[in-house]
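> fold the following, please.
(one chain, ligands or ions: 1)
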Amino acid sequence: MTTLDIINVGHPTLREIAAEIPVDEIKSAQIQRLIDDLIDTKRAANGAGIAASQVNVALRLFVVEAGSNPKFPFKPAYPLTVMINPKISFQTAERFENFEGCLSIPGLRGVVHRCPVIRVQGYNRDAEKVDFEIRGVSAGIFQHEDDHLNGVLYTDKLTDTKTLCTVEEFSTRYEKKYKEMVVNVEQAYGPV
Ligand code: ZN
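Down below sits the predicted model:
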């Protein structure tokens with residue numbers, strides 16, 4: 001198992017537009033190792049997702065996996081998914097208020113509007129084309145990670161800068177309300 005150093009807000013790589021990975025390089029030892037290390041790093045840090053930009057590699061690659069995560073026990077489970085060169089399209093005009101954190105912005109949470117139904121197209125780690133829909137709160141994780149590939153952090157998109165809070169204040173003041181919102185979003189848009 002190899003965990004990589006996660007860079008923090010202020011590091012210029014987090015503001016770069018990440019480059020596409022040539023499809024014929026996806027199965028290279030170098031990219032496959034990067035994917036394995038990203039998975040290990042995400043799991044060790046208890047993140048719901050991680051983008052390559054966050055380990056100082058400006059390539060269009062991210063990993064999502066939610067569930068049995070002590071940081072977000074109230075988020076629905078989502079299986080391990082590796083996305084390469086993703087393209088996300090919104091499938092509804094609706095938005096929900098997602099309380100997000102980021103491994104590159106330690107200790108903070110804040111509210112961002114996310115689309116609850118998205119279509120993701122791209123490649124998996126076997127260099128196969130993938131095209132699928134994500135419904136509910138998990139769609140927010142994909143949008144957060146996709147933003148990283150474009151040099152965008154969730155703090156750029158806060159619905160109101162006053163929603164920014166520490167993890168401790170989140171737990172004390174907002175977690176209960178957020179859990180209720182998660183249940184509502186899953187009922188309205190969640191997997192069918
Ligand atoms: Zn992040």
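> mind pulling up the pLDDT for residue 169?
Per-residue pLDDT puts residue 169 at 97.
> which helix or strand contains it?
Per DSSP states H and E: residue 169 is located in helix 167-169.
> which strands and helices sit next to that helix?
Counting contacts by 3 or more CB pairs under 8 Å, 6 or more residues apart in numbering; DSSP states H and E, helix 167-169 is packed against strand 105-114. C-betas here are computed from N, CA, C, even on glycine.
> so for the strand it packs on, mean pLDDT?
Summarised as a single mean, pLDDT over strand 105-114 is 98.
> what's in contact with stretch 59-67?
With contact meaning CB atoms under 8 Å, 6 or more residues apart in numbering, stretch 59-67 is reached by 18-21, 31, 34-35, 38-39, 42-43, 48-53, 72, 75-86, 138, 141-142, 145-146, 148-149.
> among those, which ones are in helices?
Mapping the contacts of stretch 59-67 onto helices (DSSP state H) picks out 31, 34-35, 38-39, 42-43, 138, 141-142, 145-146, 148-149.
> how many other residues sit next to residue 10?
Around residue 10 there are 9 other residues, counting by other CB atoms under 10 Å.
> gap between it and residue 166?
Computed with CB to CB, to the nearest Å, the distance linking residue 10 and residue 166 is 18 Å.
> residue 23 against residue 127, yeah?
Yes. Residue 23 lies in contact with residue 127 (CB atoms under 8 Å); the separation is 5.7 Å.
> just the buried ones from the contacts of stretch 59-67, in PyMOL syntax?
The buried residues among those can be selected in PyMOL (16 or more other CB atoms under 10 Å) with this line:
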select buried, resi 18+21+31+34+35+38+39+42+43+48+49+50+51+52+53+72+75+76+78+81+82+83+84+85+86+138+141+142+145+146+148+149
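> related to what we said a few turns ago, higher neighbour count, residue 23 and residue 127?
When neighbours are counted by other CB under 10 Å, residue 23 and residue 127 differ, and residue 127 comes out ahead with 16 against 13.
> show me what the longest strand seen in the chain pairs with in its sheet, parallel or antiparallel.
The longest strand of the chain (DSSP state E) is strand 78-90. Neighbouring strands of strand 78-90 in its sheet, by DSSP bridges, are strand 61-66 (antiparallel), strand 117-123 (antiparallel).
> tell me the most buried of those strands?
strand 61-66 (a mean of 24; mean count of other CB atoms under 10 Å).
> contacting residues around the lowest-mean-pLDDT helix or strand in the chain?
Here the helix or strand of the chain ranked lowest by mean pLDDT, DSSP states H and E is helix 175-189, holding a mean of 93. Helix 175-189 is contacted by residues 74-76, 92, 94, 96-97, 99, 116-117, 135-137, 139, 170 when judged by CB under 8 Å, 6+ apart.
> please consider this matter closed, and thank you.
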